[in-house]
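**Student:** How does the following fold in three dimensions:
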Amino acid sequence: RSETMHKQQNTQRWIGSRWFAVGALTVALAGCSNLLDVENPNNVVQSDLEDASSVNAMVNGALAMAAGAIGDVAVSTSNLSDELEHTGSQNWAAELNVGSITNPEGRSDALFNSLSSARWMSEEAIAIAEQFSTELTTPSDLARAYLISGIVYMTIADNFEDFTFSNRTEVGPPIGAANMHTVYDIALERLASAEAEANARGATNIATAARALQARTHWAKAVWGKLNPAGSAPGDPLVNNSQANTLAAQVIGSLGATSDWSWDFTYGPATQNNPQGSWINSRQEFAFSPLYVQLDAAGRSVVEVTYPDPIDGTVDPAINETITNFIDEFLYASLPVVSARELHLILAEGALAAGNTAEAVTHINHVRAIKGSSPYDPSAAGAPSALEMLQHERLVNLFFMPTRRITDQYRFDVDAPSWAPGSDATRNGQMFIIGQSENVSNCYILGTC
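**Tutor:** Sure, this is the predicted structure:
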């Protein structure tokens, strides 16, 4: 269960003659059992949180903020990619749909603010959990705090061209576009700490998630190097990163080759909505792209999923399951953050980049076995190439995960049908920029520090 902690401070104002009025009233009521001598239960100050009993609530608050922020990222990057189409009235969604991403007053502003809040809250949770690490009522809370922080930093690095890291009134300067790859390094530090702490506490699933996310973060950092600075698709789009490969293989080895394990953000009536469900299923501001589904006459609701598997010729079961479950779960669909399928595809890509097609096919077929599809044989007549199969399996198995599809479109030079000619997205690599709220308040950006 997740809950968001709110901090509120009260200030007293004594203005002119009003002080005397309040003073007189206090004296008059002094004999009436001290009616004004009460404590406000909503007044929570920092010192109230500096206690071992508050750690679990702080970690759950960080989890809630991260789940909300990254859900917003997921729906935004799906709208920018070819997964969704804008069907509603939101200006920012219309901009993303045509490939426009560099308006500081557009979606960048909301995502910057929500990720900044989640980042700060995760840091606070770590600080409190570290302070009371020997007194934790939930032993895995420190490991969870490290994990959440790592996920948030990874998401920031995936999605922003530049970022600032401030602490309350302590303003931080922009890190600089050329230095955004170092944000992945912070994510890796947090995730390594999460794995070590989880192992010490016997929290196996957290340790597995932390190692899997380290593999994915190393891989994403390598992709970042291929797409930055933005401008054109890389000539060698495939990633073969030894650290990502080693970690992915270790996790797969511990899970089993056909395990369908994943680590997800979960949502529910007692916690919060998945922003994807709110925007798509409830408000219908977006619809799934006709590339993947047949829509009703209004162009908003899915009649059936139509995207085919290139080997079996039937609707691909992975994308069919993702879209069908998402619609059925309405506001509360889970959001995968990393999965065994993704790790297999990291290993398949690394093998393909190294010229080892046989190993790449092995991992592709492990994924196909997980989703219940026929094996892929590259030597069969009319069979797709291994590169084409890699791209297909990434599309259907990572569908709707934050930033996955837009990254693949950029590096494989696949434009969305809705992108306007010459738009930001056609530059292959452009991501969100620092939002307007920060631009008008950060003294380093304004040059007034």
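**Student:** element containing the most centrally placed residue in the chain?
**Tutor:** Using CA atoms, centre = their mean, the residue of the chain that lies closest to the mean C-alpha position is I70, 3.4 Å off. For I70, the host element (DSSP states H and E) is helix 55-80.
**Student:** how far is that helix from where the chain is centred?
**Tutor:** Centroid displacement of helix 55-80 relative to its chain, using CA atoms, centre = their mean, to the nearest Å, is 7 Å.
**Student:** for stretch 404-417, same thing?
**Tutor:** 18 Å.
**Student:** tell me which residues in that stretch are buried?
**Tutor:** Of all the residues in stretch 404-417, those buried under the rule 16 or more other CB atoms under 10 Å are 404-412, 414, 416. Any C-beta I mention is one placed from the backbone N, CA and C, and that applies to glycine too.
**Student:** ok, now stretch 357-376?
**Tutor:** For stretch 357-376, by 16+ other CB under 10 Å, it's 360-368, 370-371, 373, 376.
**Student:** re earlier: report the contact partners of the residue nearest to the centre of the chain.
**Tutor:** Taking CB atoms under 8 Å, 6 or more residues apart in numbering, we find I70 in contact with 118, 151-152, 155, 265, 335, 337, 402.
**Student:** Kindly report the same for R107.
**Tutor:** Listed by CB under 8 Å, 6+ apart, the contact set of R107 reads 76, 92-93, 95-96, 101, 432.
**Student:** before we move on, what about E83?
**Tutor:** Applying CB under 8 Å, 6+ apart, the residues contacting E83 are 288-289, 292, 399-400, 405.
**Student:** Out of these, which two are the most distant from each other?
**Tutor:** When the contacts of E83 are compared pair by pair using CB to CB, the two farthest from each other are F288 and R405, 12.2 Å apart.
**Student:** can you give me the end-to-end distance of stretch 363-377?
**Tutor:** From the first residue to the last, stretch 363-377 extends over 12 Å; the measure is CA to CA, to the nearest Å.
**Student:** cool, and stretch 125-142?
**Tutor:** Start-to-end, stretch 125-142 (CA to CA) is 8 Å.
**Student:** same question, stretch 130-145
**Tutor:** 10 Å.
**Student:** Same question for that stretch: list its buried residues.
**Tutor:** Residues of stretch 130-145 classed as buried under the neighbour-count rule (16+ other CB under 10 Å) are 132, 136, 140-145.
**Student:** Show me the strands in the stretch 201-350 of the chain, by range?
**Tutor:** With DSSP state E, counting those that start in this stretch as the criterion, the stretch 201-350 of the chain has strands at 262-265, 286-288, 293-295, 302-305, 335-339.
**Student:** what helices or strands is the last one leaning on?
**Tutor:** Using 3 or more CB pairs under 8 Å, 6 or more residues apart in numbering; DSSP states H and E as the contact criterion, the elements in contact with strand 335-339 are helix 55-80, helix 204-227, strand 262-265.
**Student:** Which one, of these, ends up nearest to A178?
**Tutor:** The closest approach between A178 and any of the helices and strands packed on strand 335-339, judged by CB to CB, belongs to helix 204-227 at 11.2 Å.
**Student:** tell me what that closest one is packed against?
**Tutor:** Judged by 3+ CB pairs under 8 Å, 6+ apart, helix 204-227 is in contact with helix 141-159, helix 181-201, helix 242-255, strand 262-265, strand 335-339, helix 340-353, helix 404-412.
**Student:** closest one to A127 among the ones you listed?
**Tutor:** When the helices and strands packed on helix 204-227 are ranked by proximity to A127, the top entry is helix 141-159, at 8.8 Å, counting by CB to CB.
**Student:** so Y376, which of the three states?
**Tutor:** Taking DSSP: H, G, I helix; E, B strand; the rest coil as the rule, one finds Y376 in the coil state.
**Student:** What does the pLDDT read for it?
**Tutor:** We note a pLDDT of 98 for Y376 in this prediction.
**Student:** which ones are touching it?
**Tutor:** Counting by CB under 8 Å, 6+ apart, Y376 makes contact with 311, 361, 364-365, 368, 383-384, 389.
**Student:** which residue ranges form the helices in the stretch 301-449 of the chain?
**Tutor:** Residue ranges of the helices in the stretch 301-449 of the chain, as given by DSSP state H, counting those that start in this stretch, are 317-329, 340-353, 357-371, 386-397, 404-412, 436-439, 443-446.
**Student:** Now do the second one and helix 204-227, the angle between them.
**Tutor:** Using axes from the mean of the first three to the mean of the last three CA atoms, to 10 degrees, the direction of helix 340-353 lies 40 degrees away from that of helix 204-227.
**Student:** what's helix 340-353 packed up against?
**Tutor:** On the basis of 3+ CB pairs under 8 Å, 6+ apart, helix 340-353 makes packing contacts with helix 204-227, helix 242-255, helix 357-371, helix 386-397.
**Student:** Same check on the third one?
**Tutor:** Packed against helix 357-371 by the contact rule (3+ CB pairs under 8 Å, 6+ apart) you find helix 317-329, helix 340-353, helix 386-397.
**Student:** one step back: can you put the strands of the stretch 201-350 of the chain in a markdown table and add distance to G256, mean pLDDT and mean neighbour count?
**Tutor:** Converted to a markdown table, the strands of the stretch 201-350 of the chain look like this (distance: least, CB to CB, whole Å; pLDDT from 0 to 100; neighbours: other CB atoms under 10 Å):
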| stretch | distance to G256 | mean pLDDT | mean neighbour count |
| --- | --- | --- | --- |
| strand 262-265 | 14 | 98 | 18 |
| strand 286-288 | 32 | 98 | 23 |
| strand 293-295 | 32 | 98 | 16 |
| strand 302-305 | 28 | 98 | 14 |
| strand 335-339 | 14 | 98 | 23 |
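**Student:** Let me know which of those is the nearest to M180.
**Tutor:** Between M180 and the strands of the stretch 201-350 of the chain, the shortest gap by CB to CB is with strand 335-339, which sits at 20.1 Å.
**Student:** Please enumerate residues in contact with the closest one?
**Tutor:** Contacting residues not belonging to strand 335-339 are listed as 67, 70-71, 74, 151, 209, 212-213, 216, 260-265, 267, 274, 276, 397-398, 401-402 [CB under 8 Å, 6+ apart].
**Student:** filter these to the buried ones?
**Tutor:** Burial of these was assessed by neighbour count (16+ other CB under 10 Å); the buried members are 67, 70-71, 74, 151, 209, 212-213, 216, 261-263, 265, 267, 274, 276, 397-398, 401-402.
**Student:** Kindly reformat the helices and strands packed on helix 340-353 as JSON lines containing mean pLDDT and distance to C443.
**Tutor:** Compiled in JSON lines, the helices and strands packed on helix 340-353 are given as follows (pLDDT from 0 to 100; distance: least, CB to CB, whole Å):
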{"stretch": "helix 204-227", "mean pLDDT": "98", "distance to C443": "28"}
{"stretch": "helix 242-255", "mean pLDDT": "98", "distance to C443": "38"}
{"stretch": "helix 357-371", "mean pLDDT": "98", "distance to C443": "49"}
{"stretch": "helix 386-397", "mean pLDDT": "98", "distance to C443": "42"}
